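Undergrad: quick one, fold the following:
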Amino acid sequence: MGQTLERWYAEGLQRRYGPEFRSAEASMGALLYAKAWGSLRDAALPNGITVSGGGLYLPNQGFPADRDVRAALQLDAPQSTVDVNLLFEPRFEVETLEESDEFLVYRDLDGIKRKFLKQMGIIPTPLEWIVTDRESWQSVKEQRLQPTRVKERLASDWPTLVELYRGRDYPLVLGGYPCGYFGTPAHLMGYERLFLSYVDQPDLVHDIQATFTELWINVFTEVLSEVEVDLFVFWEDVSCRSGPMISPAMVREFMIPYYRQMTGFLRSRGVKTVFVDTDGDCTELIPLFLEGGATGIYPMETGTGMDLVTIRRRFPDLQLMGGIPKERIGSAGKGIERLLEPVKTVVETGRYVPFADHSVTPDVSWEAFRGYRRSLNALCDMGESR
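TA: Here you go, the predicted model:
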């Protein structure tokens, strides 16, 4: 978070690079909200902005990327997302509708009207959605989701990127935000309208899923003809603190058939690792994700009831990332080894990449974070030596 990083700079983290804002990507997922963040480039980071580190694939949502923490602690390079547009083509023109010193109201690349509160700096709030009924869906489907328009969805410097990807020393991700079978329709319709549509307009939801499946498979066919990737990510955020936001029956009806289709395609192209990115407690949905062909989940938010050791015991072959309670890092002190005991247990079983289960909060000092990382690094080194 912005407030976290500004604290660390004040406490001794060397500002060699500063958070890096990027704006040249083709991917709409990488550039959504960039209009909002762009108004903050010359100011101190606002409290609520996400500064992306190693646990999140980049570029993503226009978030600035950290380089200083990584350099200071000699962390591995973060995951990188294949730069390809998985939403609308042509995209909407970004349009400022109203602006003051306090807020910005604008229409984003996905056609959604949003309000950004500059002082808080959190993700802009949608005011008007792009899909409100079957007619609005049919319009964007016909005009901006043609499944044969693939080349236009690649970055303008695609041949150069292909060479960079082939020589990389970091994990390369296909998919990610906003590519998912709960995440995408929720992004376009809003949660309330999507929940009602599951019951009132199931054919509309299925048409959205089928349309994106055809489009994405066409795009991924082009990408995978030139580039090998390390993993695929479904971005869902389908769970909250109390559990899934929709029932397992709805997941089975509206998501799993398309998971099977996508993961079957990916396996046929050599992509064996498929993660589901969802916050909250998704324990109840893990068997369904596995049934759909996923192989892993993250970020394993322990504060919502996800228990790392229990999940490993119930699903011994499940790949995991995350799982370290962010809210306890700052107060762990000399008890950091005890905090990391579940991590040690699961690291020894393999198929696990540990990191904080979401953005590190501002109550964590730079000294506390460095101590946590030293302990975690030592634990991971022990796991690798086994």
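Undergrad: which SS class is T96?
TA: Look at T96: counting by DSSP: H, G, I helix; E, B strand; the rest coil, its state is strand.
Undergrad: for E93, see how far away the spatially closest residue to it that is not a sequence neighbour is.
TA: Among residues not flanking T96 along the chain, Y106 sits closest, at 5.0 Å (Cβ to Cβ, 6 or more residues apart in numbering). C-betas here are computed from N, CA, C, even on glycine. From Y106 over to E93 the distance is 11 Å, taken as Cβ to Cβ, to the nearest Å.
Undergrad: who has more neighbours, these two?
TA: Set side by side, Y106 and E93 show more neighbours around Y106, with 22 against 9, by other Cβ atoms under 10 Å.
Undergrad: state the helix or strand in which the more buried one lies.
TA: Per DSSP states H and E: Y106 is located in strand 103-107.
Undergrad: now L320
TA: With DSSP H and E as criterion, L320 is part of strand 319-324.
Undergrad: chain center to the helix or strand harbouring E327: distance?
TA: Here E327, judged by DSSP H and E, is contained in helix 326-332. On the basis of Cα atoms, centre = their mean, to the nearest Å, helix 326-332 is displaced by 23 Å from the centre of the chain it belongs to.
Undergrad: what's the answer for stretch 166-181, then?
TA: Centroid separation between stretch 166-181 and its chain, computed with Cα atoms, centre = their mean, is 10 Å.
Undergrad: what mean pLDDT does it have?
TA: Average pLDDT, stretch 166-181: 94.
Undergrad: list the buried residues in it.
TA: Of all the residues in stretch 166-181, those buried under the rule 16 or more other Cβ atoms under 10 Å are P171, L172, V173, L174, G175, G176, Y177, P178, C179, G180, Y181.
Undergrad: may I have that stretch exported as PDB, CA atoms only?
TA: Extracted C-alpha coordinates of stretch 166-181, given in PDB (Å, rounded to 0.1, in the frame of the first residue of the first chain):
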ATOM      1  CA  ARG A 166      11.700 -16.300 -24.400                       C
ATOM      2  CA  GLY A 167      14.800 -15.000 -22.500                       C
ATOM      3  CA  ARG A 168      13.100 -14.300 -19.200                       C
ATOM      4  CA  ASP A 169      14.300 -15.100 -15.700                       C
ATOM      5  CA  TYR A 170      10.900 -14.700 -14.100                       C
ATOM      6  CA  PRO A 171       7.500 -16.500 -14.200                       C
ATOM      7  CA  LEU A 172       5.300 -15.600 -17.100                       C
ATOM      8  CA  VAL A 173       1.500 -15.600 -16.500                       C
ATOM      9  CA  LEU A 174      -1.300 -15.900 -19.000                       C
ATOM     10  CA  GLY A 175      -4.700 -14.600 -18.100                       C
ATOM     11  CA  GLY A 176      -5.100 -12.800 -14.800                       C
ATOM     12  CA  TYR A 177      -7.200  -9.700 -14.100                       C
ATOM     13  CA  PRO A 178      -9.800  -9.300 -15.500                       C
ATOM     14  CA  CYS A 179     -10.000 -12.900 -17.000                       C
ATOM     15  CA  GLY A 180     -12.400 -15.100 -15.000                       C
ATOM     16  CA  TYR A 181     -15.800 -16.700 -15.000                       C
END
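Undergrad: what bits of the chain have low per-residue confidence?
TA: Residues of the chain meeting the criterion pLDDT under 70: 21-26, 39-44, 383-386.
Undergrad: who's sitting farthest from the centroid in it?
TA: Distance to the chain centre peaks in the chain at K334, reaching 31.9 Å (criterion: Cα atoms, centre = their mean).
Undergrad: tell me how far that residue lies from P147.
TA: 57 Å.
Undergrad: ok, now Y259?
TA: 19 Å.
Undergrad: which one's more surrounded, those two?
TA: Y259 (24 against 15).
Undergrad: quick one: secondary structure of the more buried one?
TA: Per three-state DSSP, Y259 ends up helix.
Undergrad: I figured it hits G180, correct?
TA: No. Using Cβ atoms under 8 Å, Y259 is not in contact with G180, being 9.6 Å away.
Undergrad: residues shared between the contacts of those two?
TA: F234 (Cβ atoms under 8 Å, 6 or more residues apart in numbering).
Undergrad: what is the helix holding E327 packed up against?
TA: Packing partners of helix 326-332 (3 or more Cβ pairs under 8 Å, 6 or more residues apart in numbering; DSSP states H and E): helix 336-339, helix 366-385.
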